[in-house]
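Participant: give me a 3D structure for the following:
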Amino acid sequence: MSRIVDFKQGRLVIAAKKGFRNWVSHFGENFGVHTKLSDVSLPTLSYLAQAKEKGTFYLYDLIMNLESLGSGFDFNEISAKSKMAVIDRYLFLLDRVRFECMKRLGWVDHYPGEELSIVEFITRFEEVAADLQAKIPTLNPSHPGYKHFCTLHAFDQEAYIRRLIPVVLKKMQD
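Facilitator: Just a heads-up that it's a prediction; the model follows:
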């Protein structure tokens, strides 16, 4: 019996497997094309959210493999334009990782894009990033700053959420 093979999806599966290979060996979890941030363990999220040298490498490595730019080890060897593309995707994904941490702590109810997989954040970046970046997470009504948050304009609400990031990182480290 003949079978229809979607080459684009097949290439994506191979690129994701390659991009996640260092994640699997380091974090000891299974990752794939459909893995969402909500599927990732809290210790792994915390590690990535800290954005320290090694955590940055794992995100760069995934991005570069999915974008056919080599591995994260090759970051300094790629063109300036490609570096900017990787950094844009990295910062976008890092925000989502931190928003997921806020959600796990019960600080936000949901965040824009949480229904997308990690791979989709990268491969569909041009399509989804602008819209998702224009939206901010919804602060949970149980959060101590919720009433104040509700009095702020959208621009100030985004700043409020971003000011929570160092506190989240500290809590995740503890």
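
Participant: so Ala51: helix, strand or coil?
Facilitator: At Ala51 the chain is in coil, as set by DSSP: H, G, I helix; E, B strand; the rest coil.

Participant: residue contacts, the closest residue to it other than its chain neighbours?
Facilitator: Nearest residue to Ala51, sequence neighbours excluded (C-beta to C-beta, 6 or more residues apart in numbering): Leu94, at 5.9 Å. Every C-beta, even on glycine, is put in place using the N, C-alpha and C of the backbone. Counting by C-beta atoms under 8 Å, 6 or more residues apart in numbering, Leu94 makes contact with Leu48, Ala49, Ala51, Leu59.

Participant: lowest-confidence one in these?
Facilitator: Comparing pLDDT over the contacts of Leu94, the lowest score belongs to Ala51 (90).

Participant: burial of that one, as a residue count?
Facilitator: By other C-beta atoms under 10 Å, 16 other residues sit near Ala51.

Participant: for it, give its distance to Leu45.
Facilitator: 12 Å (C-beta to C-beta, to the nearest Å).

Participant: pLDDT below threshold where in the protein?
Facilitator: For the chain, the stretches with pLDDT under 70 are 1-5.

Participant: just flag the most distant two among the contacts of Leu94.
Facilitator: Greatest spacing in the contacts of Leu94, by C-beta to C-beta: Ala49 and Leu59 (10.5 Å).

Participant: all strands of the chain, in order?
Facilitator: Here the chain has its strands, by DSSP state E, at 108-110, 138-139.

Participant: tell me the helices and strands packed up against the last one.
Facilitator: Strand 138-139 makes packing contacts with strand 108-110, helix 154-163 when contacts are defined by 3 or more C-beta pairs under 8 Å, 6 or more residues apart in numbering; DSSP states H and E.

Participant: what's the first one in contact with?
Facilitator: Contacting residues not belonging to strand 108-110 are listed as Phe99, Met102, Lys103, Pro137, Thr138, Leu139, Asn140, His143, Ile161 [C-beta under 8 Å, 6+ apart].

Participant: show me the contacts for the closest residue to Asn22 other than its chain neighbours.
Facilitator: Residue nearest to Asn22 in three dimensions, not counting chain neighbours: Asp61, with 5.6 Å by C-beta to C-beta, 6+ apart. By C-beta under 8 Å, 6+ apart, the residues touching Asp61 are Gly19, Asn22, Ser71, Gly72, Phe73.
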